Every structure is written in structure tokens, then in C-alpha cells.
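**Q** After the sequence you'll find the predicted model.
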Amino acid sequence: MTTAYDRFKKDNDAFITRFQSEAEAMVRKLLDESEKRQQRELALRVAEVMRDVNLQRQADLVKIDRYVGAVESKVGVEVLKNRQKMNQMDILYRASQRQ
């Protein structure tokens, strides 16, 4: 024979089982949402870092280009000076050969 206590215990056990199951489902859902949010945030941060790296790379390339241009200019000036000196030496050499 089933007593009121037995029915209460059975109903209570069923309630606790259902509550635990629902609570576990809620926790799983919260964890899944949190993980997805963290993945989105990580992807955003990675994209920001890549953008910053590319911007810095472009700035560095501009600096390098300017530096190379300055070096080329200085080398060009030195080459012209050397040609002038060689031309002067050639003129002097030819003049000395005529004498």
C-alpha cells in the first residue's frame, strides 16, 4: 500500500530529477553561448592585430623606400663627382701626353 509519504517522496524525486536535468541543460547552453562569444571576441582581436601589423608594415615599407631613395640619391651624387674627377684626370693626362 502506498502511503502519502511514499507518493510525496516519489513526486519529490521526480521533481529533483527534472530540475537537475533542466539545470544541466541551462548550464550547457550558457557554456556554449559563452564559448561562442569568446570565439567571436578572439576572432575580432586577431583581425585587429592583423590590421595593426599590416598598417605598421606599410609604414615600415614607406620608411624603407624613403631611406633607399636617399641612399640612391647620395650614391648618384658620388658617381657624378667621380665621373667629373675622371674626366678632369683624363683631360690632364691627354694634355700631358701632348707635351
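**A** Happy to help now that I have it. Numbering: from 1, shown residues only.
**Q** Would you point out which residue is most central in the protein?
**A** Nearest to the mean C-alpha position of the chain, counting by C-alpha atoms, centre = their mean, stands M50 at 2.5 Å.
**Q** In terms of helices and strands, where is that one?
**A** M50 belongs to helix 4-98 when assigned by DSSP states H and E.
**Q** one step back: what distance do you get for the residue nearest to the centre of the chain to R57?
**A** From M50 over to R57 the distance is 10 Å, taken as C-beta to C-beta, to the nearest Å. (Each C-beta comes from the backbone N, C-alpha and C, glycine too.)
**Q** do the same with T3
**A** Here T3 is placed at a distance of 80 Å from R57 (C-beta to C-beta).
**Q** what does E72 give?
**A** 22 Å.
**Q** Equivalent analysis for R94, please.
**A** Distance of R94 to R57, computed by C-beta to C-beta: 54 Å.
**Q** ditto for D13
**A** Noted for D13: a distance of 65 Å to R57, by C-beta to C-beta.
**Q** Equivalent analysis for A43, please.
**A** Distance, A43 to R57, by C-beta to C-beta: 21 Å.
**Q** which residues touch the residue nearest to the centre of the chain?
**A** Shown in contact with M50 (C-beta atoms under 8 Å, 6 or more residues apart in numbering): no residues.
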